[in-house]
Each structure stands twice: as C-alpha cells, then as structure tokens.
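Visitor: I'd like to go over a predicted model; first the sequence, then the structure.
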Amino acid sequence: MISKKMENMVANSSAIRAMFEEGNRLAKIYGSENVFDFSLGNPNVPAPDAVKYAIKELLDEEDPVVLHGYTNSNAGYEDVRIAIADSLNERFGTHFCSKNITMTVGAAGGLNVILKSLINPGDEVIAFAPYFGEYRSYTDNYDGVLVEVSPNTTDFQPKLDEFEQKISPKTKAIIVNTPNNPTGVVYSEETIQKMAAILEKKQKEYGTDIYLISDEPYRELAYDGIEVPYLTKYYANTIVGYSYSKSLSLPGERIGYLVIPDEASDSEKLIGAVNVATRILGFVNAPTLQQKVVKACLNEKTDISYYDRNRETLYNGLKNLGFDCIKPEGAFYLFVKSPIADEKEFCNEAQKYNILIVPGSSFACPGYVRMAYCVSYETIVNSLPKFAELAKQYNL
C-alpha cells in the first residue's frame, strides 16, 4: 500500500499534466495541426545558439571526470556561483558573493530545498491566489499548512488587507511569483513596498522571522518595458528562487539557484541548512554540465518577441470574440474568465473543439481558465476560428 499522503496527492494529481497528455492523445487521432493545446507551460522557443556552443565546448575541453562528477560542495561549482553573484550585483545593485548562491534542480527543487530548511510541522506558508498549484504539495511535503489569500480578480495584484489579516504567529514564509503563473501579472513596486511594510510590522508584533520567498522562473519574460522589482531590495528576509527553464528555454535540464542574502535572519545557519537539504532530499547537487552551461550563457536570453507576438494575437483575438481577460505583462499565460460559473465544464466544452485549456481551480481561482501561449504562432492563428465557434456557443 502506498502512503496515505501519496494517495491524496495521486487523487489530486496535476490537471495541467492530465490535459497535456489528453492533447497528445487527440493529436494522434486528429493530427497535431488540428489540436490546439494551451495546457502546459513548455517553452516552444529554442534555447539560444550559445547554449549549444557552450555544451560542445565544455564536452571538448573540460575534464570529463570533473565535468560529470559530484561538485565539491552541495551548493555547486564555486566559479559558477561567483559568476551568478557578480551578474546579479551588476544588474540589481546587490552585493552577493558565492556563499549566497546555491545551485538547485530548477525552481521546484529550490523551493523544496528552502521549505525543507525552514518549515516545522504546522508552520504556515501563505500564497496569493491564483498560484501555481504545486505550492500546496511542496508545503505539504514538510507537513506545513498552506494558507491562501483570495484572488483580486480586478487586476490580480495581491489583496494586502486580507494578507495582513492572515499572517499569524505560525506564519513562516510567504511565496510570491512575479511575473505570475497563471495571470501574467507583474506585482508592482508599490505592492512589494506595502507587502514588505506589513511583514516588518508582523515580525515585530509576533517576535518571529517571516521569510518572503520570491519564485522567479519568469523574471526575464516581461513585455512593454515592464520592470520586475528585485525583492531583496525591499525586505531583508527575502529568499530568491530562480530557474533557467524559461529564460534559456531549458525546462528539462532542471537548473536554477537560490539566493540567500546575508541580511536574512540566521543567514549562515540557513545557508548551511540549504546545502544539507540539497543532499538529503536526494538532489546531491544541481546538474554539473548545466551549471557550467549557464555560467557561459549568463548574458544570453531567449528571444521573447515570439511570445510577445503570440500574446498580442491571442489576447486581441479573444477580446474581439467577447472573452474577458486582462492583458499579461509577463510570463506566457493568459488568464481568461469563463463565460459560465463552472470553468471545468467550460474546459470540457472547449475540448470538443480540440482546444485544451486548464481550469482556474487548479490555481485556487475557479471561474477562470489558463491558456499557455508558448506554442507555435500557427497554433494561435488556427485556433481562433475554433474559439469563435466556442464563443458563439455561449452567445458572446
């Protein structure tokens, strides 16, 4: 028998992955060109050429025993961490050094490592709906309790009044994700400043340390000149989790990092705990070849003009058809209001037109659906007549 905890997790397994698998099934029946799969945030823009050249050069020039071996520290290669710290300092005016950086198995690995290092059973982690559903699973992994702040469906900035009310003596961490999955919203500097002030106030009130965990896999995917605030500037107890999955289109390579600033409470102990957690969770160290690759490609970025064109085409196309949605400022998702209260039923109806979208209840925001527009431009264009038929069905 599997564990009771896993029984529950299996029963509530990812709707996103299930929809993606359904898309593969339909593609075999109708042809992939006739299936419009907006389910999975899997980048369709290839990695920059520099990634390929870096891999070839590393394989040709590096000692393979060293390149494919364990790193001396669970935190990762020293030279890689120095390079990342220097890059962050140049970009954001910070003052990190190698010890502040721990290489991780993607952003998800990083979140599990930091939550393992922070949470005692019963500790609370706050997330702002809509949020990436795995936050609940990651918190539950360590017997923590996820506390939701309900969604602000006007502009999807966090509800800070409700947030303040839900902070308790048991609150150990807050997870923020900006640019946001699933809405594409970037939390404004004003929002971050107010959030930081609330956290400072509550830390003093309760005499506790509350950590702000900034989950940033979409940091580089921002449009129209939007600035994404770097949160360590606003609140000392900030920890940043980053991934190259989207910025370099390397989701399958599972490479990212955590930043633990010196200003964070008990930073030395926390850095030590993170390194141990990396080992005892079974990661041991982040993939070694990919650590070296990202060091060589720190100044490279995926060409987001492809996503931007998709964003404009899908957003304008759906708005013109009568669908209600806000224009995303970042990431590669569109969060659309369902024309009926039961968005799961709407997803089922969309599937009849070979349109695959994810219900908002998967992100703690029922009544909406998420569409991942990291697909081919042809998929966007060819889907619009089907969306028109769907809109007509609901008299939009």
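Guide: Okay, I see it. Note that this is a predicted model, so its numbers are computed, not measured.

Visitor: contacts, neighbours, all on C-alpha from now
Guide: Noted.

Visitor: quick one, domains of the protein?
Guide: With domains defined by automatic domain parsing, the chain comprises 4-48+302-393, 49-296.

Visitor: so can I have CSV of these showing mean pLDDT and mean neighbour count?
Guide: Formatted as CSV, the domains of the chain follow (pLDDT from 0 to 100; neighbours: other CA atoms under 10 Å):
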stretch, mean pLDDT, mean neighbour count
domain 4-48+302-393, 91, 19
domain 49-296, 97, 19
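
Visitor: is it true that E124 touches I175?
Guide: No: assessed by CA atoms under 8 Å, E124 is found out of contact with I175, at 11.0 Å.

Visitor: List the residues that are in contact with both of those two.
Guide: The contact sets of E124 and I175 do not overlap (CA atoms under 8 Å, 6 or more residues apart in numbering).

Visitor: can you tell me how far the nearest residue to G41 once chain neighbours are set aside sits from N44?
Guide: Excluding its sequence neighbours, the residue lying closest to G41 (CA to CA, 6 or more residues apart in numbering) is A372, at 5.6 Å. In this view, A372 and N44 are 11 Å apart by CA to CA, to the nearest Å.

Visitor: Same check on E21?
Guide: The separation that E21 has from N44, given CA to CA, amounts to 17 Å.

Visitor: And for A18?
Guide: Distance, A18 to N44, by CA to CA: 19 Å.

Visitor: before we move on, what about G272?
Guide: 37 Å.

Visitor: so what strands line up beside the helix or strand encompassing A173?
Guide: Element membership for A173 (DSSP states H and E) is strand 171-177. Sheet pairing of strand 171-177 (DSSP bridges) gives strand 124-128 (parallel), strand 211-216 (parallel).

Visitor: could you dump these to a markdown table with distance to T153?
Guide: Converted to a markdown table, the strands paired with strand 171-177 look like this (distance: least, CA to CA, whole Å):
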| stretch | distance to T153 |
| --- | --- |
| strand 124-128 | 12 |
| strand 211-216 | 21 |
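
Visitor: do you know which of those lies nearest N180?
Guide: Nearest to N180, of all the strands paired with strand 171-177, is strand 211-216, at 8.7 Å by CA to CA.

Visitor: hang on, the earlier thing: minimum distance to D324: which of the strands paired with strand 171-177 has it?
Guide: D324 lies closest, by CA to CA, to one member of these: strand 124-128, at 21.3 Å.

Visitor: The next helix or strand after the closest one - contacts with which helices or strands?
Guide: As assigned by DSSP H and E, the chain's next helix or strand after strand 124-128 is helix 134-141. With contacts taken as 3 or more CA pairs under 8 Å, 6 or more residues apart in numbering; DSSP states H and E, helix 134-141 sits against helix 106-118, strand 145-149.

Visitor: V240 is nearest to which of the ones you listed?
Guide: Proximity to V240 (CA to CA) singles out helix 106-118 among these, at 9.2 Å.

Visitor: Using CSV, write down the CA coordinates of the closest one.
Guide: In CSV, the C-alpha atoms belonging to helix 106-118 read as follows (Å, rounded to 0.1, in the frame of the first residue of the first chain):
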residue,chain,number,x,y,z
GLY,A,106,15.3,24.0,-11.2
ALA,A,107,13.0,26.4,-9.3
ALA,A,108,10.9,23.5,-8.0
GLY,A,109,14.0,21.8,-6.5
GLY,A,110,14.9,25.1,-5.0
LEU,A,111,11.5,25.7,-3.4
ASN,A,112,11.6,22.2,-1.9
VAL,A,113,15.1,22.8,-0.5
ILE,A,114,14.2,26.1,1.1
LEU,A,115,10.9,24.9,2.5
LYS,A,116,12.6,21.8,3.9
SER,A,117,15.1,24.1,5.6
LEU,A,118,12.5,26.4,7.1
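
Visitor: what angle do that helix and strand 171-177 make?
Guide: Interaxial angle, helix 106-118 versus strand 171-177 (axes from the mean of the first three to the mean of the last three CA atoms, to 10 degrees): 170 degrees.
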